[in-house]
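Asks: turn this into a model:
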Amino acid sequence: MRYASKRYKQRVSGLYRTAVKNKMSLRFVVELMQRSRELNEVKRKRKRHGERLNWHEAEFDIVGWVMIPLETLTGESLGMYASCFNLGQFEQINAEYNKCPDAVATQIRAALMGETKNRD
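Replies: Next up is the predicted model:
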């Protein structure tokens, strides 16, 4: 690091001190910082463009859980999911966000009640 700039040295030294203080690897600290930046970017998009649930892309992969992806009102994926594991949570999400289409709502209710029913 002999030829590195002073600012870069300070940045790396600060990250190293943070890693040692929290008993983590330097790589893990950098990954956490990257995830934090990504999360802040998603928050800015949500605030700027609004958000809605993409009901047609709901995932039923885990038994008893339904994962519904969030997207902006312009249609851009946020990379976040709303999840529910009982009918009460589904009704709350349905009331809070945009209304779920009837066909998808039937599939979600069936999945949450434990029936093994495919969306196809």
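
Asks: outline the domain layout of this protein.
Replies: As recorded under the TED database, the domains making up the chain are 1-48, 50-113.

Asks: leaving out the residues flanking it, which one is nearest to residue 26?
Replies: Among residues not flanking residue 26 along the chain, residue 19 sits closest, at 4.7 Å (C-beta to C-beta, 6 or more residues apart in numbering). In this view, the C-beta of every residue, glycine as well, is placed from N, C-alpha and C.

Asks: what is the host helix or strand of that neighbour packed up against?
Replies: In this structure, residue 19 sits in helix 6-21 according to DSSP states H and E. In terms of contacts (3 or more C-beta pairs under 8 Å, 6 or more residues apart in numbering; DSSP states H and E), helix 6-21 is packed against helix 26-49.

Asks: what sits up against the helix it packs on?
Replies: For helix 26-49, contacts defined as C-beta atoms under 8 Å, 6 or more residues apart in numbering pick out 15-16, 18-19, 22, 70, 72-74, 76, 78-80.

Asks: recalculate using a threshold of 7 Å.
Replies: Contacts to helix 26-49, defined as C-beta atoms under 7 Å, 6 or more residues apart in numbering, come from residues 15-16, 18-19, 72-74, 76, 78-80.

Asks: again with stretch 83-93
Replies: If you take C-beta under 7 Å, 6+ apart as the criterion, stretch 83-93 is touched by 64-67, 82, 108-109, 112.

Asks: how about the spatially most central residue of the chain: what's its closest non-neighbour residue?
Replies: With distances taken as C-alpha atoms, centre = their mean, the residue of the chain nearest its centroid is residue 80 (2.4 Å). Computed as C-beta to C-beta, 6+ apart, the closest residue to residue 80 that is not its neighbour in sequence is residue 70, at 4.7 Å.

Asks: tell me the phi and psi of the one you found?
Replies: Backbone torsions for residue 70, taken as degrees, to the nearest 10, come to phi -90, psi 140.

Asks: neighbours of it, just the number please.
Replies: 18 (other C-beta atoms under 10 Å).
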